[in-house]
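S.K.: the sequence isn't on hand, but the structure is:
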Ligand SMILES: [Zn+2]
């Protein structure tokens, strides 16, 4: 292969390039001649009369055969790509639907939270905003549920999670900071799944 040698003059480089071109052309012609000889007996593959002339060229025939030998592979690739695109489109549509459903549920919940807070006597944009209404409603429901449990205990001791006092202990009086024996500090905590729609709290040592 010819490569320009910057140590030489342009004229010298051109001369070397011309020699390399001539050698390559000679070899190319020999190969084409040999291939043409080999193609004499190859039928004009799937060609019209006009194409027949074109395909008399070994380069054209090789190119066409190479292309055709990949036909099944190319078709399968096309089908795979179509399937992939169809699946992506379906997934995208599903995601849009899911998001729309979640947005809808969220806005219904937001409306319920606002209504709940107003019913409890809170004022919008003063005590809460559109942005924190759901969180605020959950907090209000938590406080009310703690109060309700405290009231229903009527001063009795209640059991609490993590009650493993070493001394004799009847549990926790919700008015107190500690359990009866004084061993554990106890408070109300939200149950998993607590919300203003379904308030749920329990006593736990911490
Ligand atoms: Zn105790």
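M.R.: Cool, the structure landed. Computed from a prediction, not measured in an experiment: that's the story for all the values here. Numbers count the residues shown, from 1 in each chain.
S.K.: any idea how far the strand or helix carrying residue 103 is from the chain center?
M.R.: Counting by DSSP states H and E, the element that carries residue 103 is helix 71-119. Computed by CA atoms, centre = their mean, to the nearest Å, the chain-centroid distance of helix 71-119 equals 12 Å.
S.K.: that helix - contacts with which helices or strands?
M.R.: Helix 71-119 sits against helix 133-153, with contacts defined as 3 or more CB pairs under 8 Å, 6 or more residues apart in numbering; DSSP states H and E. Just so you know, the C-beta spots here come from the backbone N, C-alpha and C atoms, and that holds for glycine as well.
S.K.: so where's this protein uncertain?
M.R.: For the chain, applying pLDDT under 70 flags the ranges 40-56.
S.K.: could you list the contact residues of it toward the ion?
M.R.: Within the chain, the positions near the ion by CB under 5 Å from the ion are 165, 169, 179, 181, 183.
S.K.: rerun that using 6 Å as the cut-off
M.R.: 165, 169, 179, 180, 181, 183, 184 (CB under 6 Å from the ion).
S.K.: hang on, the first one packs against residue 186?
M.R.: The one in question is residue 165. No - using CB atoms under 8 Å, residue 165 is not in contact with residue 186; the gap is 10.5 Å.
S.K.: same drill for these two, tell me which one is more crowded.
M.R.: residue 186 (24 against 17; other CB atoms under 10 Å).
S.K.: check contacts around that one.
M.R.: By CB atoms under 8 Å, 6 or more residues apart in numbering, the contact set of residue 186 is 160, 172, 176, 177, 178, 179, 203, 204, 205, 206.
S.K.: quick check: domain ranges of this structure?
M.R.: For the chain, automatic domain parsing gives the domain ranges 10-69, 119-205.
S.K.: point out the most buried one among those.
M.R.: For those, ranked by mean neighbour count under the definition mean count of other CB atoms under 10 Å, the leader is domain 119-205 at a mean of 15.
S.K.: let me see the backbone angles for residue 177.
M.R.: phi -90, psi -30 (degrees, to the nearest 10).
S.K.: my read: it touches residue 206, true?
M.R.: No - the pair residue 177 / residue 206 is not scored as a contact, 10.9 Å apart, by CB under 8 Å.
S.K.: re the thing from before, just put the residues of the chain next to the ion in CSV and tack on secondary structure.
M.R.: CSV is the format used below for the residues of the chain next to the ion (DSSP: H, G, I helix; E, B strand; the rest coil):
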residue, secondary structure
165, coil
169, coil
179, strand
180, coil
181, coil
183, coil
184, coil
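S.K.: now these as TSV including distance to residue 105?
M.R.: Formatted as TSV, those follow (distance: CB to CB, whole Å):
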residue	distance to residue 105
165	44
169	44
179	40
180	44
181	46
183	44
184	39
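S.K.: shared neighbours of residue 177 and residue 206, anything?
M.R.: 185, 186, 187.
S.K.: closest one of the residues you listed to the ion?
M.R.: Of all the shared contacts of residue 177 and residue 206, the ion sits closest to residue 186, with 8.3 Å by CB to the ion.
S.K.: which residues touch the residue lying closest to that closest one once chain neighbours are set aside?
M.R.: Spatially, and ignoring its direct neighbours in sequence, residue 186 is nearest to residue 172 (4.2 Å; CB to CB, 6 or more residues apart in numbering). Taking CB under 8 Å, 6+ apart, we find residue 172 in contact with 157, 158, 159, 160, 163, 178, 179, 180, 186, 203.
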